[in-house]
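Visitor: What follows is a predicted structure for the sequence shown.
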Amino acid sequence: MAVHRQRATWESRAKICTLALFSLITLSLAGCTLLGNQAATNPTVSVSLSPASVSVQAGRTQQFTASVSGSTNTGVTWSATGGSVSSSGTYTAPTSAGSYVVTATSMADNTVSASAAVTVTAGVSVTISPVSASMLTNGTQQFTATVTGSSNTAVTWSATGGSVSSG
């Protein structure tokens with residue numbers, strides 16, 4: 001009888017240990033599921049910006065596109081260290097050459113942003129000398145064009161009255 005009672009006690013303990021182990025595994029899996037759901041409902045917000053770097057002539061515009069992931073609020077606020085940028089991401093370069101930064105900041109999480117490097121180059125300009133001239137009918141006048149801001153210094157001449165010859 002003592003052997004039978006001892007065997008019943010061991011079987012009960014084995015059932016209790018099995019039940020405890022099963023409960024522990026179940027709770028662990030439930031915890032993983034809860035953490036998995038938490039990650040799915042609170043994803044990390046990120047912002048990407050295109051193009052990531054660009055060269056623009058002074059005073060010209062460049063369109064930037066921001067993409068926000070991890071939130072249903074995909075809006076961004078724009079800023080620039082030089083020049084200006086519209087709410088739609090259109091950047092207008094300043095009139096002075098230099099290196100600048102355009103930044104898009106997430107409206108869902110204002111600690112998250114992406115930036116693009118902008119190199120502003122001097123614009124091409126053409127000056128004509130003399131600026132004006134008085135001429136006799138069928139007279140001639142020599143004009144000179146000076147091109148700056150480009151290695152290509154070729155010009156095409158035209159006039160609203162009379163004719164122009166190159167050379």
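Guide: Done, it's in. Predicted model only: the values in this text are computed from it and were never measured.
Visitor: how about the helices in the protein?
Guide: 2-41 (DSSP state H).
Visitor: Any regions of it where pLDDT drops low?
Guide: 1-42, 167 (pLDDT under 70).
Visitor: Enumerate every residue touching the residue nearest the centre of the chain.
Guide: Per C-alpha atoms, centre = their mean, the C-alpha nearest to the average position across the chain is that of Leu49, at 1.7 Å. By C-beta atoms under 8 Å, 6 or more residues apart in numbering, Leu49 lies in contact with Phe64, Thr65, Ala66, Ser67, Val102, Thr103, Ala104, Ala114, Ser115, Ala116. C-betas here are computed from N, CA, C, even on glycine.
Visitor: Take those residues and, keeping just the buried ones, write it as a PyMOL select command.
Guide: Per 16 or more other C-beta atoms under 10 Å, the buried members of the contacts of Leu49 correspond to this PyMOL selection:
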select buried, resi 64+66+102+103+104+114+115+116
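Visitor: Relative to Gln141, how far out is Ser163?
Guide: 12 Å (C-beta to C-beta, to the nearest Å).
Visitor: And Ser99, by the same measure?
Guide: 43 Å.
Visitor: excluding its backbone neighbours, what's nearest Ala104?
Guide: Ala66 (3.7 Å; C-beta to C-beta, 6 or more residues apart in numbering).
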